[in-house]
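Q: 3D, please:
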Amino acid sequence: MVFLGFNKSSKLFLISLFTHAISAMCLTSCLPSYLVKSGYNQMQILNAREPIKDVLKRNDLPPEQRRKLEFALEVREFAEKNLKLNATENYKTYVDLKRPYVSWIASAAKKDELTTHTYWYPIVGNLPYKGFFTKEEAEAEAANLASDGYDTMVRGVTAYSTLGWFDDPLLSSMLDYEDHGIANVIIHESTHATLYIKSQAEFNERLATFVGNIGTEIFYRNREGANSPTLKQIADENADENEFSKFISEKNKNLKEWYLSQKKPIEEPARQGQFELIQKQFTDNVAPRLKTKSYLRFSKAKLNNAILLYYQTYDYDLSDFAKLYSYFKQDFIEFIKYCRTLEKSSDPNQELKNFLLNHQPAPQTATNPMPTILKSTTAPSHADPPQ
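A: Numbers count the residues shown, from 1 in each chain. This next block holds a predicted model:
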């Protein structure tokens, strides 16, 4: 699952976190205490779910919280009635976490090379972070790794997904998102409920990301009109995301080469000099071009290898879906109808490419422009530095 405003590391952590919970319920009593604790905390959150409609009946509900909960229900209804996506029970319930994050992750990287430390888990294998339900546990893990000579990072995670095992609640931590981020999450998840091809995780994720983006655009055009200020904001955020993605990818590549060129052990002042250079280049060359304040905190973050790898973005190439959407003259219903025909395909990516080779997209005109979102980078939300 991809969520707008969540980064990929958040998503992968949540996948592993829920896998731990399922493992805890399925494996024997010799299961390590970490997995047992993850399963217990997972169930605690699910048991705390309340129907949003019941929450809205409270007289003491803060106005902004009420507005966002009502907004979530509005988006769910739009996805079902206007976009014709399958209805799900996701985000019909609410959980007040009474804390800013649903969980925290600890990650680490070697000091003398840009390589992530990984953990092995049942079912999912190796992942580059370890999740905890308390900040103290995550910080203790980071301290242990630091004592072993690693660069470390701890940060909070606001999103939560059970990957379809249960009905996901809207969390209080998610209400800090911009409205369009909440809209994208809900439409994205409805896409997975509408079409999910077995053993084709990458295709499923790209499709849901594209539909989440386009569906959010349609929602706001319908809600605010062609001159929607929200769509302008989304476009500016996407532009900044792409700008930062190119910058940090290039700088991480350069830093990786620098580590390889240095004699070991590398002195710490030399490393810090590289981090300071990256931040200066950001301040001088990137910050002046940004349209929003999303990444300005990067220049003040205390960098190390673990944090730079966290900032490394991952790109989803959505151009084939954009071409398909254009071929159907931006008729969303026809677009989804075709995608459903790929459900039994053993290689939907190639089948889509073959279709596009034999079917030219509609000519681009003022009334039928190519969608602007051809690539989705999953950069950290607002580039908040770690906790």
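Q: Following element in sequence after the helix or strand Met153 falls within, please.
A: Met153 is part of strand 150-157, with elements assigned from DSSP states H and E. Once strand 150-157 ends, the next helix or strand along the chain (criterion: DSSP H and E) is strand 170-171.
Q: Below-threshold pLDDT in the stretch 101-250 of the chain: ranges please.
A: Residues of the stretch 101-250 of the chain meeting the criterion pLDDT under 70: 121-126, 160-164.
Q: what's downstream of whichever helix in the chain runs longest, the next helix or strand?
A: The helix of greatest length in the chain, counted in residues with DSSP state H as the criterion, is given as helix 229-261. Secondary structure here is assigned by DSSP H and E; on that basis, the next helix or strand after helix 229-261 toward the C-terminus is helix 268-281.
Q: Please point out which parts of that next one sit buried.
A: Neighbour-count burial for helix 268-281, counted by 16 or more other Cβ atoms under 10 Å, picks out Arg271, Gln274, Phe275, Ile278, Gln279. Just so you know, the C-beta spots here come from the backbone N, C-alpha and C atoms, and that holds for glycine as well.
Q: before we move on, what about stretch 46-54?
A: Taking 16+ other Cβ under 10 Å as the neighbour-count basis, stretch 46-54 is seen to contain the buried residues Leu46, Arg49, Ile52.
Q: Can you add secondary structure and give the residues you listed back as TSV?
A: What follows is the buried residues of stretch 46-54, written out as TSV (DSSP: H, G, I helix; E, B strand; the rest coil):
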residue	secondary structure
Leu46	helix
Arg49	coil
Ile52	helix
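Q: As a quick check, tell me the outermost residue of this structure.
A: In the chain, the greatest distance from the average C-alpha position (Cα atoms, centre = their mean) is reached by Lys263, at 37.4 Å.
Q: got the angle for the strand holding Met153 vs helix 268-281?
A: Strand 150-157 runs at 40 degrees relative to helix 268-281, counting by axes from the mean of the first three to the mean of the last three Cα atoms, to 10 degrees.
Q: Excluding residues flanking it in the chain, which one is nearest Arg99?
A: In space, not counting the residues next to it along the chain, Arg99 is nearest to Ser173; the distance is 7.7 Å by Cβ to Cβ, 6 or more residues apart in numbering.
Q: Hmm, I typed the wrong one, I wanted Glu224.
A: Take Glu224 and drop its neighbours on the chain: the residue closest to it by Cβ to Cβ, 6+ apart is Thr230, 6.1 Å away.
Q: Can you give me the distance of the one you found to Thr191?
A: 20 Å (Cβ to Cβ, to the nearest Å).
Q: now swap in Pro288 and tell me
A: With distances taken as Cβ to Cβ, Pro288 is found 37 Å from Thr191.
Q: So for those two, which residue has more residues nearby?
A: Between Pro288 and Thr191, counted using other Cβ atoms under 10 Å, the more crowded position is Thr191 (27 against 7).
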